[in-house]
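K.L.:
Take a look and give me a structure for this.
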Amino acid sequence: MTGSRNFAWFVLWLLGWSFLLVGSLAAQSGDLSEGLEKGQVDQLAQEGREAQEDLLARPQVLPEPAPIVVPSPEGPLYPTQGPSGLFGYANVGGIMVIKDVFLAANPFQDDGTAWVNFEKAFGLIDSQGRWLKEPKLKFLRVSEFYANGLAEAQAEGGGVGFINAQGDWVIEPIYKRTRGFAPDSGPPSGLAPVMTMDSKWGYVDAKGAVVIEPVFLEARHFAANGLALVKNAENLYGYLDRTGRLAIEPRFVAARSFGPSGLAPAREVGQELFGLIDQNGDMIVGPRFSKAAGASNNELRALADQEGLWGFVDQGGNFVIGPKYFRLGPFGAKGLARFRLDDGSMGLLNQLDQWVLEPSFLFVGDFTARGQSTEYTHAHSRDGLWGVINLSGEWEVLPQHVFCRYRQDGLVETVDPDSQSWSYLTLEGQARVPLGYQAQRERSSQKPGR
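P.N.:
Just a heads-up that it's a prediction; the model follows:
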């Protein structure tokens, strides 16, 4: 800002001399008139005024890639899309404090820094728009951050790894896929399932150390009882402990992860129905269920009877809800479960089988994200468009998107109906582009929770 003050003093100095010069010219107007025609005098005066106006109108230019910062009152700054179509940061009064020069602008973190995308590379700025880390990192996408401070990121070359809040690779992008450090339900895990480039699954810790070698065709998160579902090279399912030892030998053609009840649905070779096994692999409830859902955050399990109708069963394998639903999902962090009727409509029920949200949607989330409860969720209206609702079923974001998803960080992920590119909004409809999401993503037909 020192350059701005120097420039202002220069302009004032120039104006002072201009007024003195005008006075001198007026005093000598007789002498000037003797050598010049009146029209020539007027032309010279006009040219002088234009030169002065041009000088005053000249914008301040700072060396790139530093963004231009304009004065503003103290207060928080928010990523905001400017007239240029690019992103900058505005204060609560709507004044663009950090000019709109970024392809993407992340919200400021607690330490007063923010990640931005400048000319297709990511860097770190402070609240004055100064570079703390110049834009060199390039990502195709970045997930929300996990509780351990890491986020899944896809490098420009396509590999997937994990970065910290400063954008440094903690786990190098050498993997084809990961399941992250948190399951959809249940406690966070200190180990992340990762798939190597040759499609073998194993587990790494938060420092990137390989804890369990990648030798499996499939691997899921560890449950509360310390066991994780895996599939071996013979396409049979079993369960690992955290040391990598097979606690339950692979002998199932289909299985699900353990829930809080300590039981898991599993189907043995030669069987057409699921039973429930304990952590020793013993079949506690004999095979009597045609389908099984993922684990709930309580001791009830969504299972279907032999007619294909869904309900919730207790640890003894008895239906305490249903079976009467066309489809059921597990109970989420809010203690609610999604149900679908035979007409295709979806709603939410509680553990007493009461309909908390009437079945008036083609699809509805369960107010859970990354195993944590949320106040809002995405929903698919009957007219075929997506929006965001609250727990009362009222639209917070009107259903006018070809797809949207409510995120744990409070942003709404939407798809543009024309370009099919992804963009991000607040619940108030303000444009936001968080770290890593400037690129088009190829999953416009995918629905959440499927």
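K.L.:
so who does residue 366 touch?
P.N.:
Taking Cβ atoms under 8 Å, 6 or more residues apart in numbering, we find residue 366 in contact with 329, 332, 334, 336, 337, 338, 348, 377, 449. Backbone N, C-alpha and C define where each C-beta goes, glycine included.
K.L.:
want to throw these into TSV with pLDDT and distance to residue 206?
P.N.:
Shown next, in TSV, are the contacts of residue 366 (pLDDT from 0 to 100; distance: Cβ to Cβ, whole Å):
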residue	pLDDT	distance to residue 206
329	91	29
332	86	25
334	87	28
336	92	31
337	93	31
338	94	32
348	96	34
377	93	29
449	30	27
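K.L.:
Of those residues, just the buried ones, ChimeraX syntax please.
P.N.:
Of the contacts of residue 366, the buried ones go into a single ChimeraX selection, burial set by 16 or more other Cβ atoms under 10 Å:
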select :329,332,334,336,337,338,348,377
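K.L.:
can you pull the pLDDT of residue 265?
P.N.:
pLDDT, residue 265: 97.
K.L.:
Distance-wise, check it relative to residue 227.
P.N.:
Distance, residue 265 to residue 227, by Cβ to Cβ, to the nearest Å: 14 Å.
K.L.:
The top strand by length along the chain: what's the following helix or strand?
P.N.:
Taking DSSP state E as the criterion, the chain has its longest strand at strand 246-255. From strand 246-255 onward toward the C-terminus, using DSSP states H and E, the following helix or strand is strand 264-268.
K.L.:
What strands line up against that following strand, and which way round?
P.N.:
strand 246-255 (antiparallel), strand 274-277 (antiparallel) (DSSP bridges).
K.L.:
Most tightly packed of those strands?
P.N.:
Compared across the strands paired with strand 264-268, strand 274-277 shows the largest average neighbour count, a mean of 24 (mean count of other Cβ atoms under 10 Å).
K.L.:
Please work out which residues outside it touch it.
P.N.:
By Cβ under 8 Å, 6+ apart, the list of residues contacting strand 274-277 from outside reads 248, 254, 263-268, 283-292, 301, 303, 317.
K.L.:
Quick one: distance of it to the chain centre.
P.N.:
In terms of Cα atoms, centre = their mean, to the nearest Å, the centre of strand 274-277 is set 36 Å apart from its chain centre.
K.L.:
What of stretch 268-287?
P.N.:
Computed by Cα atoms, centre = their mean, the chain-centroid distance of stretch 268-287 equals 38 Å.
K.L.:
What of stretch 359-370?
P.N.:
Per Cα atoms, centre = their mean, the centroid offset for stretch 359-370 relative to its chain is 18 Å.
K.L.:
Okay, buried residues for it please.
P.N.:
359, 361, 362, 363, 364, 365, 366, 367, 368, 369, 370.
K.L.:
same thing with stretch 115-124?
P.N.:
Those would be 115, 116, 117, 118, 121, 122, 123, 124, for stretch 115-124 by 16+ other Cβ under 10 Å.
K.L.:
Counting neighbours, what do you get for residue 144?
P.N.:
Neighbour count of residue 144, defined by other Cβ atoms under 10 Å: 16.
K.L.:
same thing with residue 342?
P.N.:
9.
K.L.:
And it, which helix or strand is it part of?
P.N.:
Going by DSSP H and E, residue 342 is not in any helix or strand.
K.L.:
any idea how far the closest residue to it other than its chain neighbours lies from residue 340?
P.N.:
Leaving out its chain neighbours, the residue that sits closest to residue 342 by Cβ to Cβ, 6 or more residues apart in numbering is residue 326, at 4.6 Å. Distance from residue 326 to residue 340, counting by Cβ to Cβ: 5 Å.
K.L.:
out of these two, which sits in the busier spot?
P.N.:
A direct count of neighbours by other Cβ under 10 Å for residue 326 and residue 340 places residue 340 higher, at 20 against 16.
K.L.:
Excluding sequence neighbours, find me the nearest residue to that one.
P.N.:
Using Cβ to Cβ, 6+ apart, the nearest residue to residue 340 is residue 327, at 3.9 Å.
K.L.:
Residue 286 now?
P.N.:
Closest to residue 286 by Cβ to Cβ, 6+ apart is residue 275, at 5.2 Å.
K.L.:
So what sits opposite that neighbour in the bridge?
P.N.:
Taking DSSP bridges, one finds residue 266 as the beta-bridge partners of residue 275.
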